[in-house]
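K.L.:
dropping a prediction and its sequence here:
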Amino acid sequence: MVNTALLKKIAYPLLSAVLIGLIIWQYNLPETHWRGKDKEFWYSTAYLLLVLGMGIPVLVKWRRSRYFTVRTISCMVMQLIFGYLLIYFLLPQSWRGVVIAMNLYPFTAFAQNFWPLEIYGLLLPIYFGFSTVVVGWLLYTVITSLILMPVLVLRFGRAYCSWLCACGNLAETFGDPFRTQSPKGRRAVKAEWMIVPFVLFAIAATIGLGFGFGNRDTWQTIWGFWVKFIFAGALGLGLYPVLGNRIWCRYWCPWAGLFGALSKAGVSRIAANNMCMGCGLCNKHCEMGIEIRGNALHGRPTKTTSCVYCGACVAICPRKVLKLK
Amino acid sequence: MRYVIVGNGIAGVTAAQELHRLAPDSRLVILTDEETPFYSRPGLMYHLMGVLKEWDLRLAHETFYRDIGAELKYGRAVRIDGDEQALELASGERLPYDGLLLATGSVSRRLRVPGDDWEGIQTMYSLRDGQRILRACRRGMTAVVVGGGLLGAELAEVWRHFGVKVIVLVNQSWYFPRGLSEPQGRIVEAAIRRHGCELYLQEDVAEIRSPGQTAEVVTRSGKTFLTAAVGVTIGVDPNLALAQASGIAVKRGILVDQRLCTSQPRVFAAGDCAEIAAGEGKSTYIEQLWYGAMHQGAHVARAMLGDTRSYDPGIFYNSAKFFDVDYLYLGAVRGRDDGLEEETVVSGNGKAARRFIHRNGIVTGISAVGTRDRAEMLLPMVQNGMALAQAKSQLGGRGW
């Protein structure tokens, strides 16, 4: 028999090493122009192609679930529109210019990565003053991040993470084969407290930069290099094959820490009927390592701050026990 | 109070949880003759196919037993000493009890034909069985599955996953007639064949010849299959060894009254092994299902604490998957209840079929094959006795 478990034990860490290497390599590439576009444009293009390309096998694999299919298409379309076309082609030049000038790592995602996943959405005026365009982006950020998202979280939990977010779009397409790798068990769930310092830092950085407390460069370096490049990029993406596709979203993302907590106050949950036989496929396929089975076995709903509403547990359940509510 | 539970399956563990909930001070001992803490037997096939690790299959993690005030003891019980209220183990140890629960489960039914002691014969009940299946599994080998049922389809799927050539022998006119109507059986048969199995209906094993690395399976009609393994999935029988050795009344299962108490005081039985009295003038019944075992486990815990109410099996339900075909069954079972008629409606281009079991046009049971119908959708129809025509109009297509 081919020992697939052993193969995974060797191949997956190797793949992780390659991914981390690639991410570090591209980070250190000089800011060159190629075919009239700068590095960030090409990074965004590669990211989009990865989401679109790897979305297709996901659509095939999960074709029996309508929810999963619609959601995966949403990931692909949202990345195309919000992460690419709007930023680089569709918006007027002045609107695109401001955000591209921010030249953020890894790419500009004001349109889909809401505060505090991207803190600069609220900070544009300190860099560009109060022009119409800047106020426009500011309004967009305030309305989406501080009004629309909290309302959506109360009803649909963290569906944002699996339908629209740029990090989520990659996690749900390129990262889908690694969803079973996410850490499981009580200790893995307890470790989710790790997210708190990230939330506190994101808020502190917003206030610090916004009101000029502390050194601007220090705030920017910690945010840009440590949080975005090291944790979201090199580790968050690089460790997909070892620790699952949601390592960043589960343990480090400031948006998840802040607004994910709100989802527990909302109505969303993984409901269960009384047909559970405890096979464990739901737990295994949960990219957030949620203990669903323990509740489902007793017909109880599962309510957590970490569920991103991906629908894998519902689709994989051989007894049709679960339902997203 | 000290309660000893023989059996670490869903009935035994549910009873322990309920005992702990209702009487937190009681001391609980759960005895198992397996090597693993509580795990999900229905998930076994996914473990064999490599989707789940053994750890993923376990329903008891970390502090599970400690949290319910129970001690998990590995060992085998040989006899119950009813006079001294103690359980004797194979190791010679004696466990005194104030209440004893027999949740010994089932044993796989044997073929009972010449050559049925061949070492290539496989069953699929426990992790131990599963490990044996994997050890003997070789890509490209031939395996014969005997018996058409839920387990037979699961074993066939496991073997197909490893590229084994699978031959399925079913001693019936169509697949699983106990749970499926003929059109439903045909859908399942098509799925089994679509996944690369050879399926023969109305074929039974007469003999297993020339045992060795391989053996010949000879059917009653004279067909011969050279095979490296035979999977026997012709059902399970209650595990009676301990009860019989202890002089407790048994028939097919361990006989219990409506409270789930055996013929011996302070000794109870629940789950697969229990044969339950249904009341005056009615025949006894055995519920060999995960769900029934869970309900019985919860009930027997209350009975052990002195509750005298009768066990109510409630509405029957079961669900499963034959390869990629979903199966759901709710409500009245034909054969168990009299005066029932049935009608099967095929839909979804012949890929789905719903069977409506009814009495004078009032629905009492529904089974669905090839649909994503959910139990909570069908349950009210059965519970409230919906009119047949209305139920038929509400359910259609493949329910996706």
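P.N.:
Yep, it's here.
K.L.:
just checking, residue B:274 touches residue B:254?
P.N.:
Yes. Using C-beta atoms under 8 Å, residue B:274 is in contact with residue B:254, at 5.6 Å. Glycine gets a C-beta too; all of them are placed from N, C-alpha and C.
K.L.:
so where do the strands sit in chain A?
P.N.:
Applying DSSP state E to chain A gives strands spanning A:33-34, A:37-38, A:270-272, A:322-324.
K.L.:
of the ones you listed, which approaches chain B most closely?
P.N.:
strand A:322-324 (7.3 Å; C-beta to the nearest C-beta).
K.L.:
wondering if the closest one reaches chain B at all.
P.N.:
Yes. Strand A:322-324 is in contact with chain B by C-beta under 8 Å from any C-beta of the partner chain, via residue A:323.
K.L.:
helices or strands up against that strand?
P.N.:
When contacts are defined as 3 or more C-beta pairs under 8 Å, 6 or more residues apart in numbering or on different chains; DSSP states H and E, strand A:322-324 sits against strand A:270-272, helix A:312-316.
K.L.:
if you set the cut-off to 10 Å instead, what comes out?
P.N.:
Applying 3 or more C-beta pairs under 10 Å, 6 or more residues apart in numbering or on different chains; DSSP states H and E, one finds that strand A:322-324 makes contact with strand A:270-272, helix A:293-296, helix A:312-316.
K.L.:
out of the ones you listed, nearest to chain B?
P.N.:
helix A:293-296 (7.4 Å).
K.L.:
the strands of chain A into JSON lines, with extra columns for mean pLDDT?
P.N.:
Output for those, formatted as JSON lines (pLDDT from 0 to 100):
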{"stretch": "strand A:33-34", "mean pLDDT": "81"}
{"stretch": "strand A:37-38", "mean pLDDT": "83"}
{"stretch": "strand A:270-272", "mean pLDDT": "96"}
{"stretch": "strand A:322-324", "mean pLDDT": "95"}
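K.L.:
most packed of those strands?
P.N.:
strand A:270-272 (a mean of 23; mean count of other C-beta atoms under 10 Å in any protein chain shown).
K.L.:
got the phi and psi for residue 277?
P.N.:
As the question left the chain open, I've gone with chain A. Backbone geometry at residue A:277, expressed as degrees, to the nearest 10, gives phi -120, psi 10.
K.L.:
please refer instead to chain B.
P.N.:
Here residue B:277 shows phi and psi, under degrees, to the nearest 10, equal to phi -70, psi 130.
K.L.:
please report how far it lies from residue A:308.
P.N.:
50 Å (C-beta to C-beta, to the nearest Å).
K.L.:
picking that back up, let's have the helices and strands packed on strand A:322-324 in JSON lines, adding distance to chain B.
P.N.:
As requested, the helices and strands packed on strand A:322-324 are arranged in JSON lines below (distance: least, C-beta to the nearest C-beta, whole Å):
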{"stretch": "strand A:270-272", "distance to chain B": "9"}
{"stretch": "helix A:293-296", "distance to chain B": "7"}
{"stretch": "helix A:312-316", "distance to chain B": "9"}
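K.L.:
would you turn those into JSON lines with distance to residue B:93?
P.N.:
As requested, those are exported to JSON lines (distance: least, C-beta to C-beta, whole Å):
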{"stretch": "strand A:270-272", "distance to residue B:93": "40"}
{"stretch": "helix A:293-296", "distance to residue B:93": "32"}
{"stretch": "helix A:312-316", "distance to residue B:93": "42"}
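K.L.:
now the stretch 1-150 of chain B against chain A: closest residue?
P.N.:
Closest point on the stretch 1-150 of chain B to chain A, by C-beta to the nearest C-beta, is residue B:43, at 3.0 Å.
K.L.:
how many neighbours does the nearest residue to that residue once chain neighbours are set aside have?
P.N.:
Nearest residue to residue B:43 in three dimensions, chain neighbours excluded: residue A:279, at 3.0 Å (C-beta to C-beta, 6 or more residues apart in numbering or on different chains). Counted with other C-beta atoms under 10 Å in any protein chain shown, residues neighbouring residue A:279 total 28.
K.L.:
tell me the pLDDT of residue A:279.
P.N.:
At residue A:279, the model reports a pLDDT of 94.
K.L.:
residues in contact with it?
P.N.:
A:293, A:316-319, A:321, B:39-47, B:51-52, B:56-57, B:59 (C-beta atoms under 10 Å, 6 or more residues apart in numbering or on different chains).
K.L.:
need the contact list for the closest residue to residue B:258 other than its chain neighbours.
P.N.:
For residue B:258, ignoring the flanking residues on the chain, the nearest one in space by C-beta to C-beta, 6+ apart is residue B:310 at 3.6 Å. Applying C-beta under 10 Å, 6+ apart, we find residue B:310 in contact with B:257, B:258, B:259, B:260, B:276, B:277, B:278, B:279, B:299, B:303.
K.L.:
again with residue B:11
P.N.:
Contacts for residue B:11 (C-beta under 10 Å, 6+ apart) come out as B:5, B:101-105, B:260, B:269-274, B:287, B:290, B:292-300.
K.L.:
and residue B:390, by the same measure?
P.N.:
For residue B:390, the contacting residues are B:361, B:363, B:381, by C-beta under 10 Å, 6+ apart.
K.L.:
list only those of these flagged as buried.
P.N.:
Neighbour counting with 16 or more other C-beta atoms under 10 Å in any protein chain shown marks B:363, B:381 as buried within these.
K.L.:
could the contacts of residue B:390 go into JSON lines alongside pLDDT and secondary structure?
P.N.:
Below are those laid out as JSON lines (pLDDT from 0 to 100; DSSP: H, G, I helix; E, B strand; the rest coil):
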{"residue": "B:361", "pLDDT": "90", "secondary structure": "coil"}
{"residue": "B:363", "pLDDT": "93", "secondary structure": "strand"}
{"residue": "B:381", "pLDDT": "92", "secondary structure": "helix"}
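K.L.:
low-confidence stretches in the stretch 1-150 of chain B?
P.N.:
Regions of the stretch 1-150 of chain B meeting the criterion pLDDT under 70 are absent.
K.L.:
who's in contact with the closest residue to residue B:165 other than its chain neighbours?
P.N.:
If the residues on either side of it in the chain are set aside, residue B:165 comes closest to residue B:142, at 4.5 Å by C-beta to C-beta, 6+ apart. Residue B:142 sits next to B:159, B:164-167, B:198, B:214, B:217, B:225-229 when contact means C-beta under 10 Å, 6+ apart.
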